[in-house]
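Engineer: After the sequence you'll find the predicted model.
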Amino acid sequence: MSQSQLTDDRIKELTAKKAQLDAQIAALDARRRHSQKKDEDRLKWLLGTLVFDRLSAEPALRSIVLRDLPDRLTQRDRNRGLWQILFPDPQED
């Protein structure tokens, strides 16, 4: 076997290993991103639960939510009555 053939075979071997490593890196990265997303979702849920639980007892918090939440609600959310669940008396958006 010539030196050139050996070099070509080695290049193919290393290319295949590189492809395997790239796939492993991509899988680990996807797993890490998925885990981070789950952690962020859990934190948002915990924070939302805290705010929801304290809403009636904290006038300053109620004021912030009254001021800022309408900008985050979609028309669909309003149609489903989410605003009325938080603030049963009619409020101006």
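Structural biologist: Good, I have the coordinates. Residues are numbered from 1 along each chain as shown.

Engineer: now the strand or helix carrying residue 22, how far from the chain's geometric center?
Structural biologist: If you go by DSSP states H and E, residue 22 is part of helix 3-54. How far helix 3-54 lies from its chain's middle: 15 Å, per C-alpha atoms, centre = their mean, to the nearest Å.

Engineer: how much space is there between residue 53 and residue 61?
Structural biologist: Distance, residue 53 to residue 61, by C-beta to C-beta, to the nearest Å: 10 Å. Yep, even glycine has a C-beta here, placed from its N, CA and C like the rest.

Engineer: of these two, who's got more company?
Structural biologist: residue 61 (14 against 10; other C-beta atoms under 10 Å).

Engineer: And the more buried one, its phi and psi?
Structural biologist: Taking degrees, to the nearest 10, you get phi -70, psi -40 for the backbone angles of residue 61.

Engineer: for it, what are its contacts?
Structural biologist: 51, 54, 55 (C-beta atoms under 8 Å, 6 or more residues apart in numbering).

Engineer: How is the protein partitioned into domains?
Structural biologist: For the chain, automatic domain parsing gives the domain ranges 1-42, 55-93.

Engineer: Any figure for the gap between residue 15 and residue 5?
Structural biologist: For residue 15, the distance to residue 5 equals 16 Å [C-beta to C-beta].

Engineer: Residue 16 now?
Structural biologist: Residue 16 is 17 Å from residue 5, by C-beta to C-beta.

Engineer: Tell me the first helix or strand C-terminal of the helix or strand that contains residue 76.
Structural biologist: For residue 76, the element it lies in under DSSP H and E is helix 75-79. Downstream of helix 75-79, the next assigned helix or strand under DSSP H and E is helix 82-86.
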